[in-house]
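**Q** How does the following fold in three dimensions:
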Amino acid sequence: MVRSNSEKRIDLLTTHTTLLILALVFIFPVFYTLMTSFKSRGDVLTTPPTIFPREWSFEAYDTVINGSPMVREYIPNTFINSFFSSIIIVPLAGLAGYTFSRYKFPGSRALELLVLGLMMIPGLTNLLPLYRMASDLRLLNTNEIMIAVYTAGGLPFSIWIVRSFFDAIPHELEEAAMIDGCTPVGALWRIVVPLALPGLFAAFLLNFVDTWNEFLAAVVLAVSDKTATVGLYDFQSSFEIAYNVWAAASIVIVIPVLAVFLALRSVFFRAMLEGALKG
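**A** Numbering: from 1, shown residues only. From the prediction side, this is the model:
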């Protein structure tokens with residue numbers, strides 16, 4: 001059935017309108033938080049609340065940057081935990097995903113399902129044994145325990161992400177490379193890995209963002225060596241919540257992970273394009 005031009009325009013208008021509404025729904029909380037961060041303490045408590053500040057103020061950012069350890073300690077701790085756990089996950093997930101994709105051995109399917117089942121275990125159930133293990137090993141309040149926990153938690157999901165990219169790469173490319181003289185490891189490194197770069201970058205970015213926002217394990221295992229999300233509670237007292245300072249701290253926390261995402265986004269899309277051309 002051939003549709004008329006008017007029907008195509010209506011469909012296009014409907015689609016763009018729906019996407020615009022959804023975009024506004026997701027953007028509005030971020031925009032409201034940004035506007036709140038520029039309000040003074042008295043302006044935040046006005047009734048009815050206003051979206052834009054009546055008088056623009058930077059007192060909240062001054063409190064976060066100069067009056068708290070957020071920028072000096074909490075954000076660097078979060079970056080170390082997120083970056084190094086994501087870096088470790090990429091080669092481990094790549095090797096495991098390649099193995100599941102290319103080699104079938106007795107019990108391989110059961111092992112795949114076991115990895116998938118690990119994602120079904122709630123993180124809350126692991127906190128008590130993790131705390132006991134960290135305490136016995138004297139690793140509480142250290143970056144080492146947080147990196148280990150984040151690596152173990154993000155590995156199962158990353159394996160399945162990377163495995164799907166390896167499944168899409170034809171076996172014939174590796175066979176042709178080995179005919180030309182490559183070893184299996186050489187074919188993996190020179191042929192398969194470049195084509196799977198989008199999946200590896202996707203695993204890195206997803207784990208980096210997920211661990212950057214993680215709260216539950218950090219508040220239990222890193223009480224004194226706080227991460228950024230746990231450090232937000234420094235701006236809450238028993239009698240008052242400084243909403244403008246919370247908003248400013250939230251914006252400051254978002255900036256590093258947003259910068260990393262924007263920096264790696266170009267690499268991610270370039271890797272996808274190169275992989276498509278080589279394939």
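**Q** Just list the residues touching the spatially most central residue of the chain, thanks.
**A** Closest to where the C-alpha atoms of the chain average out (C-alpha atoms, centre = their mean) is Val209, at 1.8 Å. With contact set as C-beta atoms under 8 Å, 6 or more residues apart in numbering, Val209 has these partners: Val257, Phe261. All C-beta spots, glycine's among them, are computed from the backbone N, C-alpha and C.
**Q** how about a cut-off of 6 Å?
**A** The neighbourhood of Val209, defined by C-beta atoms under 6 Å, 6 or more residues apart in numbering, consists of Val257.
**Q** what's the spacing between it and Ala23?
**A** 19 Å (C-beta to C-beta, to the nearest Å).
**Q** ok, now Ile241?
**A** Following C-beta to C-beta, the distance that separates Ile241 from Ala23 is 29 Å.
**Q** next one: Ile121
**A** 34 Å.
**Q** Show me where the protein has its helices.
**A** Chain-ordered helices for the chain, with DSSP state H as the definition, fall at 5-37, 41-44, 59-66, 75-102, 108-118, 127-136, 143-167, 171-179, 184-187, 193-195, 197-212, 216-221, 228-231, 243-278.
**Q** Turn these into TSV, including distance to Pro53 and mean pLDDT.
**A** TSV is the format used below for these (distance: least, C-beta to C-beta, whole Å; pLDDT from 0 to 100):
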stretch	distance to Pro53	mean pLDDT
helix 5-37	6	89
helix 41-44	6	83
helix 59-66	10	91
helix 75-102	25	92
helix 108-118	46	85
helix 127-136	40	90
helix 143-167	36	90
helix 171-179	57	85
helix 184-187	59	84
helix 193-195	49	85
helix 197-212	28	87
helix 216-221	31	90
helix 228-231	24	90
helix 243-278	9	75
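**Q** what's the closest of these to Ser237?
**A** Taking C-beta to C-beta as the measure, the helices of the chain were each checked against Ser237, and helix 243-278 came out nearest at 11.0 Å.
**Q** Tell me the pLDDT of Gly279.
**A** Per-residue pLDDT puts Gly279 at 44.
**Q** Name the nearest residue to Gly88, sequence neighbours excluded.
**A** Slight slip there: residue 88 is Ile, not Gly. Distances taken as C-beta to C-beta, 6 or more residues apart in numbering place Thr151 nearest to Ile88, at 5.0 Å, with adjacent residues excluded.
**Q** er, Phe165 actually
**A** Ranked by C-beta to C-beta, 6+ apart and with sequence neighbours excluded, the top spatial neighbour of Phe165 is Gly199, at 3.1 Å.
**Q** what's the neighbour count on Ile21?
**A** Summarising burial for Ile21: neighbours were counted as other C-beta atoms under 10 Å, giving 9.
**Q** swap that for Arg132, please
**A** 10.
**Q** Could you report the separation of it from Gly123?
**A** Going from Arg132 to Gly123 by C-beta to C-beta gives 16 Å.
**Q** Same check on Val223?
**A** Separation of Val223 from Gly123 (C-beta to C-beta): 17 Å.
**Q** again with Ile191
**A** Summarising the geometry, the distance separating Ile191 from Gly123, computed by C-beta to C-beta, is 37 Å.
**Q** same thing with Ala228?
**A** Here Ala228 is placed at a distance of 18 Å from Gly123 (C-beta to C-beta).
**Q** So for those two, which sits in the more crowded spot?
**A** Ala228 (28 against 12).
**Q** isn't the more buried one right next to Thr78, touching?
**A** Yes. Assessed by C-beta atoms under 6 Å, Ala228 is found in contact with Thr78 at 4.4 Å.
**Q** Leu200 against Val90, yeah?
**A** Yes. A contact is recorded between Leu200 and Val90 when judged using C-beta under 6 Å, the distance being 5.3 Å.
**Q** more neighbours, the two?
**A** Of the pair Leu200 and Val90, Leu200 is the one with more neighbours under other C-beta under 10 Å, namely 23 against 17.
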